[in-house]
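Engineer: Quick one: sequence and predicted model below, then my questions.
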Amino acid sequence: MITLPDTITKGQPWKYDVVCDFATPLPAKKIPYVNQYYVSPTDVAAEALRGNHYCYNYLIMNINSEGGLEHLCDVPYYDLKAPWTSSVSQALAALVFIRNNDEEYAQRVLDFMVMHHLRHDIFVEKANAIILNGWMYSLYALWKFMATFVVSRYERIFDNSIDRLSSILQGFQMKNGWTYYDAYQMPATEFYHKVHKELYEELQSITGRLPYMDFSGNMPRLSRSWYLLKKHGLRSVPLYFRVKKWSR
């Protein structure tokens, strides 16, 4: 993907802090609804893809015995309790290791992703939620591993998941040509809509097996605000301003 890693994070929606006895600051991400920061493997992987070797070393040092990268914080948004893992974190870490020609580590994190995040041919994100960009990143990482190291290790899993995605992908599209962020049909932000478009085009160029998708619509801001209000009540108000502040 041409715009990796900028399709992963919104510029730098974090502060830098010294954590885990590292001499060099690592990106620390703010937890929604909580006035705290934590080191997210997703954002660390994004920085590693930008060439930050300290973040690369952090990934190496923090893979658990099964190959998982744990998020060590509670997140009220999804009612997550630490430690939890994310298919996006696993996929992006795999892309880091693939870029550095480290087949062993790439396979470890992908094997964990397949073992813990694959449900009925769908790659689920944190809290077992079906989140569109997380599913497509997982597929892209599997394909990139096979293409780079010329192996067929994940071929059947990839093919089955592509077929599953193809069968329900249009359920992630709104009538006005915008996309939903997840299977709960929360309208995507502008950032994630663009991510969906790029990931769709990448996977379609690889497989040619995805149905037509229209990405030409405008963001339904009222629909998204109403969704957040119903799901999170007044907590969505400060969240809106935080997201707006982080936007680039």
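Structural biologist: Arrived safely.
Engineer: For the spatially most central residue of the chain, which non-adjacent residue is closest in space?
Structural biologist: Here the mean C-alpha position of the chain is nearest to the C-alpha of Val88 (CA atoms, centre = their mean), at a distance of 3.4 Å. Once flanking residues are discounted, Val88 sits nearest to Gly134: 4.6 Å by CB to CB, 6 or more residues apart in numbering. For every residue, glycine as well, the C-beta is placed using N, CA and C.
Engineer: Arg119: how many residues sit nearby?
Structural biologist: 10 (other CB atoms under 10 Å).
Engineer: Can you give me the pLDDT of it?
Structural biologist: With respect to pLDDT, Arg119 scores 95.
Engineer: you'd agree it is up against Asn128?
Structural biologist: Yes. At 7.0 Å, Arg119 counts as touching Asn128 under the criterion of CB atoms under 8 Å.
Engineer: is it true that Thr42 touches Ala91?
Structural biologist: No. Between Thr42 and Ala91 there is no contact under CB under 8 Å: 9.4 Å.
Engineer: re the thing from before, what packs against the helix or strand hosting the residue nearest to Val88?
Structural biologist: Applying DSSP states H and E as the criterion places Gly134 in helix 132-149. Packing partners of helix 132-149 (3 or more CB pairs under 8 Å, 6 or more residues apart in numbering; DSSP states H and E): helix 87-99, helix 103-117, strand 122-123, helix 155-168, helix 190-207.
Engineer: Would you mind measuring from Gly134 to Lys144?
Structural biologist: Distance, Gly134 to Lys144, using CB to CB, to the nearest Å: 16 Å.
Engineer: And those two? Which one has more around it.
Structural biologist: Gly134 (24 against 20).
Engineer: The more buried one contacts Thr85, doesn't it?
Structural biologist: No. The criterion here is CB under 8 Å, and Gly134 misses it with Thr85 at 11.4 Å.
Engineer: shared neighbours, these two?
Structural biologist: Lys126 (CB atoms under 8 Å, 6 or more residues apart in numbering).
Engineer: which regions of the chain sit below the pLDDT cut-off?
Structural biologist: Within the chain, the segments meeting pLDDT under 70 span 9-24, 32-35, 226-228, 230-248.
Engineer: Just read off the phi/psi values of Thr7.
Structural biologist: Here is the backbone geometry of Thr7 (degrees, to the nearest 10): phi -80, psi 0.
Engineer: Just give me the neighbour total for it.
Structural biologist: Count around Thr7 with other CB under 10 Å applied: 20.
Engineer: quick one: stretch 91-105 to chain centroid distance?
Structural biologist: Per CA atoms, centre = their mean, to the nearest Å, the displacement of stretch 91-105 from the mean C-alpha position of its chain is 16 Å.
Engineer: Could you do stretch 212-219 as well?
Structural biologist: Taking mean C-alpha positions (CA atoms, centre = their mean), stretch 212-219 and its chain are 21 Å apart.
Engineer: buried set for that stretch?
Structural biologist: Met213, Met219 (16 or more other CB atoms under 10 Å).
Engineer: now stretch 92-108
Structural biologist: Buried, per 16+ other CB under 10 Å, within stretch 92-108: Leu92, Ala93, Ala94, Leu95, Val96, Phe97, Ile98, Arg99, Tyr105, Ala106, Gln107, Arg108.
Engineer: Many thanks, I have nothing further to ask.
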